[in-house]
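Q: fold the following and give me the result.
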Amino acid sequence: MLRVTPVAEPPKGFHVSFTPRARRGARALIVAAGLAVVAAPLSFVAPAAHSAAPVEINVLGINDFHGRIKSNGVEAGAAVLAGAVNEIRGAHPNTVFAAAGDLIGASTFESFIADDKPTIDALNASGLEVSAVGNHEFDQGYNDLINRVMAPESASNPDGGATWKYIGANVRMKSNNDPALDPTYVKTFGGVEVGFIGAVTEHLPELVSPAGIADLKVTDIPTSVNTEADALKADGVDLIVLLVHEGAGSTDCATMDDDPTSDFGSIISGVNANVDAIISGHTHLAYNCSFPVADWAGRAVTDRPVVSAGQYGYNLNQLTFSVDPGTGHPVSVAGSILPLTTSTTSGTPPTTVITPNYTADPTVKQIVDEAVAQSDVLGAQPLGDIGGPFNRARVSQNDAQGVPQLVENRGGESTLGNVVAEAQRWATRSATTGAAQIAFMNPGGLRADMRGDAANGYPAVLTYKQAATVQPFANTLVNEQLTGDQIRQALEQQWQPAGSSRPFLRLGTSNGFRYTYDPAAAAGEHIKAMWLNGHRIDLAASYSVTVNSFLASGGDNFGALGAGTPKQDTGQTDLQAMVDFMAAFADSAPLAVDSRQHAVGVTWPVAAPAAYGPGDPVTFDISSLAFTGANDKTDSEITVSAGDVTLGTFPVDNTIGTGKFDEVGTASVSFTVPQGVANGAQQLTITGLTTGTVVTVPVEFDVPKTVASVSASVAPDHVVVDRTKPRIKVSVRAGDAPAAGKVSVFVNGHAYEATLNNGKATVTLPSFRTTGKKEIRVKYLGNDSTKQASTTVKFWVRSR
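A: Alright, predicted model coming up:
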């Protein structure tokens, strides 16, 4: 039966239960030429007329949860998060619980060890309905996200089963430009349709293993979002919320949109007026801002909320809209950040007590308790003792109140990064795994300091759980052959391309590998010299290098580390390498912290001469002499020497600043070239006595050579033809001192050579075959500090 109803426009609030694309297609079929046409068996019921009363829509948002399911006195945990959602949903029935990505990945041990299944179960039980994908959702690749995480739980998929909808409008297939994920999600409350659009940071390709997303492309966020927002509006959706895994670099609302070309500024200014609110993430900051939308002039609401809940379930964002069901526009909106815990400090000495603000959900609490119990059994296994903390680098950054705090700095060299690299080199040292000579470690793969159970100081036991918390990604180790020049290129790529999420990423390096660089040099020209076990790296030679599978596929913009050939995936995981390394090196004695810097900056003045002579002043700057972790050893001064000559001792400034590069630990070197230094290319040695850091700096000395004088005589006095072998006795002086080096005596086109000993040498010649007067040239060949010189000696050769 065909029913035709004349209408001026599609009925307000009309809903058919298709995905957004199917719904738009269906509506296009049934609305044409001013007629609403419905053909059997498709049927719908036209909605009742809207009430004039506004409809309340409540949106709760989280971001960057990262599997923090356990309450630990700082993070509320999944059970309290679920309890908060339950309580708020009870007071506001029209509630959607949504997220802006990074719900899984880089998780704490309780979730990580079970492949994040406890987090999936906890968020399912919490009623999470929709989330944008974050970069960490792709940690194990697109296939894992689609076919495990998002696929229903089953006997063949026991570790998946997320019941919420993952959406991403700017993730598409390279082959045909089809969406890789559903771009939107729609839910209806009381005739008001609420749409969500998902988007992930445009930096996704540099933040995850390229191999895991090889079939995907990431498109421009504002353009992708606007396309979907226009389509949702055309489809009759009233309220549209953007869930975006990209965020502000600070919590200052006044400056957040100052740069419309920045990663987040482009979203605030570029997303069109169809989007009613933006819930963001990725930068782990909490903010509750709003920005005017020009096209909303004359409406009851003229500012668009832009919010983030921070990280790890510390807070919930709450956006409460009052929507006019007639226009579909908000008539009011209230935004707030709801802390899930309260911190109270009292007493002497001060004691801080953190209490939850909501009652823990019992179902989720049971999920968490079981996950914790299971992880505790494996996690408690001791791996050995460590002699001190292995830290990540730190940088000074102001918190929300403007108070400077020391936070992780992926641009700094760290004791942790270096020991992890050394463990991976050691784990692949055998011929079957590549006989690795060098290993590199990306700083983003280190998610916690490795401090052990240090309540009673050091040495301290390191447990399996603590090691796993440091490296939660389960990357495999890949061995490859790289030329010295490819290694140089990889080090140059630490200076990231313009527009990257971070300007600089310092690679951890294995023992025996060190290098100097000039931080002020042009792009591609920073690296000045590299050494392996004391020998200069040959740019043309091939070296065996181990990296994790993330770096081996060019992750973090390290394309040179993805270009090695041949390349072998060893099958060993990064975590197992550390477990085995501890068994080998921390069994009978604690694993010591190596405080030596592997990468040191050397900057010469722009007008520095090519060579220095005695009495000339030499000045240059040294940087990156200091690790910046808590309790890391540092040098208060360095010594500079040339050979056995100490040229000076210089103070080191170890102040940790705000720069996100690796320049902490600076010294200015200034000395006068002394008399007596060797001429030509020499090496300055810079030493930090506390840390053991040794830096080699090439320098050219141009020392005027001393004038030499040569004297020679013949013995015996009577030389007989064909019988006497005359001895030429040579004495050479360099100024007032005996000369060093060699002399040559030239006879009949032949040269006879001898080495001076305390300025003297004797050269025995063959007997002469002819008689007569002989004149022989004697030449001192000179050395780095003494000029050449020569003389002649004359004598007779007689017949008898």
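Q: just the CA trace of stretch 720-737, in PDB.
A: Coordinates of each C-alpha in stretch 720-737 appear next as PDB, following Å, rounded to 0.1, in the frame of the first residue of the first chain:
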ATOM      1  CA  VAL A 720     138.700   2.400   0.800                       C
ATOM      2  CA  VAL A 721     136.900   1.500  -2.400                       C
ATOM      3  CA  ASP A 722     135.000  -1.800  -2.500                       C
ATOM      4  CA  ARG A 723     135.900  -2.400   1.100                       C
ATOM      5  CA  THR A 724     134.900   0.300   3.700                       C
ATOM      6  CA  LYS A 725     131.200   0.800   4.500                       C
ATOM      7  CA  PRO A 726     131.200   4.400   5.700                       C
ATOM      8  CA  ARG A 727     129.000   5.500   8.600                       C
ATOM      9  CA  ILE A 728     127.200   8.800   8.300                       C
ATOM     10  CA  LYS A 729     126.700  10.300  11.800                       C
ATOM     11  CA  VAL A 730     123.900  12.800  11.900                       C
ATOM     12  CA  SER A 731     122.900  15.300  14.700                       C
ATOM     13  CA  VAL A 732     119.700  17.400  14.500                       C
ATOM     14  CA  ARG A 733     118.700  20.200  16.800                       C
ATOM     15  CA  ALA A 734     115.200  21.800  17.000                       C
ATOM     16  CA  GLY A 735     116.100  25.100  18.300                       C
ATOM     17  CA  ASP A 736     118.000  24.400  21.500                       C
ATOM     18  CA  ALA A 737     116.600  20.900  21.900                       C
END
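Q: which SS class is Gly417?
A: helix (DSSP: H, G, I helix; E, B strand; the rest coil).
Q: was I right about it contacting Gln494?
A: No - contact criterion C-beta atoms under 8 Å: Gly417 and Gln494 do not qualify, at 11.8 Å. From N, CA and C alone the C-beta is placed, and that goes for glycine too.
Q: need the overlap of contacts for the two.
A: Common neighbours of Gly417 and Gln494, using C-beta atoms under 8 Å, 6 or more residues apart in numbering, are Arg506, Leu507.
Q: looking at these two, which one has more neighbours?
A: Gly417 (27 against 23; other C-beta atoms under 10 Å).
Q: which strands or helices does whichever strand or helix holds Val478 pack on?
A: Using DSSP states H and E, Val478 falls within strand 476-483. Contact here means 3 or more C-beta pairs under 8 Å, 6 or more residues apart in numbering; DSSP states H and E; on that basis strand 476-483 packs against strand 542-548, helix 549-552, strand 567-573, helix 574-585.
Q: now the helix or strand following that strand against strand 542-548, angle please.
A: Using DSSP H and E, the helix or strand that follows strand 476-483 towards the C-terminus is helix 484-492. Using axes from the mean of the first three to the mean of the last three C-alpha atoms, to 10 degrees, the inter-axis angle of helix 484-492 relative to strand 542-548 is 30 degrees.
Q: need the residues that contact the helix or strand that helix 484-492 is followed by.
A: Note on helix 484-492: by DSSP H and E, the next helix or strand toward the C-terminus is strand 508-509. With C-beta under 8 Å, 6+ apart as the test, strand 508-509 has contacts from 413-414, 416-421, 438-443, 446, 598-599.
Q: quick one: mean pLDDT over strand 508-509.
A: Averaging pLDDT along strand 508-509 yields 98.
Q: same check, this time on stretch 469-477
A: 86.
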